[in-house]
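K.L.:
Kindly return the folded structure for what I paste below:
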Amino acid sequence: SEAQYRAARRWGSRSARAAVERLRGGGVGLLLSSVKQDEELLHCARLLGVSVVEGLSEEEVALVREIAGLSPHSPSGDGSDGEIMETALVTFCRPLVLGSRRYAHVGLAGAGDFQPHCLVLCGPVDAVIEQHAAALQGALTMLQQLCKSLVL
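P.N.:
Sure thing, here's the model as predicted:
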């Protein structure tokens, strides 16, 4: 019914606001997500000054976790007192527009001896950029495997 729908929307709105307030209260100013977030959560985040980057691929999330030394967040994985356990220092977060595509340029503080760097590939057409990105990804994967074998 219409009344149930309105009640569910109010509950969703309160839940989204409480989640964002909890993040903000824990010092979180940037939320990285592999899934598309609900409009209500995005609205609350804007109001409370929390930036949201959504739609990250599994590989991007894995890279951020490895660089920052984090594990994936799950609401049940927090401390028993409600403390947010997994956060990382972000030195900056800026929008980056390349052609018709929008990206988030995020500066992560490295974990341990790893110091992250930034690389932006530009080219005349998407196909050329994709070829270069695939070649670079292959080279970086090879270097990553080499470094893992040296550490072992």
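K.L.:
for this protein, what spans make up the strands?
P.N.:
Secondary structure of the chain by DSSP state E: the strands cover 30-32, 51-53, 90-98, 101-108.
K.L.:
In CSV, list those strands along with mean pLDDT, distance to A62 and mean neighbour count.
P.N.:
C-beta here means a position set from N, CA and C on the backbone, and glycine is covered the same way. CSV is the format used below for the strands of the chain (pLDDT from 0 to 100; distance: least, Cβ to Cβ, whole Å; neighbours: other Cβ atoms under 10 Å):
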stretch, mean pLDDT, distance to A62, mean neighbour count
strand 30-32, 80, 12, 19
strand 51-53, 83, 15, 17
strand 90-98, 72, 17, 11
strand 101-108, 73, 13, 14
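K.L.:
just so I know, which of those strands lies nearest A7?
P.N.:
For those, the distance to A7 is smallest for strand 51-53, at 25.9 Å, taking Cβ to Cβ.
K.L.:
Show residues contacting that closest one.
P.N.:
Here strand 51-53 makes contact (Cβ atoms under 8 Å, 6 or more residues apart in numbering) with G29, L30, L31, L32, S33, Q37, L41, L42, A45, C93, A104, V106.
K.L.:
Give the pairing partners of that strand; include direction for each.
P.N.:
With DSSP bridges as the test, strand 51-53 is paired with strand 30-32 (parallel).
K.L.:
Would you mind measuring from the residue most central in space within the chain to D38?
P.N.:
For the chain, the residue nearest the mean C-alpha position is L32 (2.2 Å; Cα atoms, centre = their mean). Distance of L32 to D38, computed by Cβ to Cβ, to the nearest Å: 16 Å.
K.L.:
Around L146, how many other residues sit close by?
P.N.:
If you count neighbours by other Cβ atoms under 10 Å, L146 ends up with 10.
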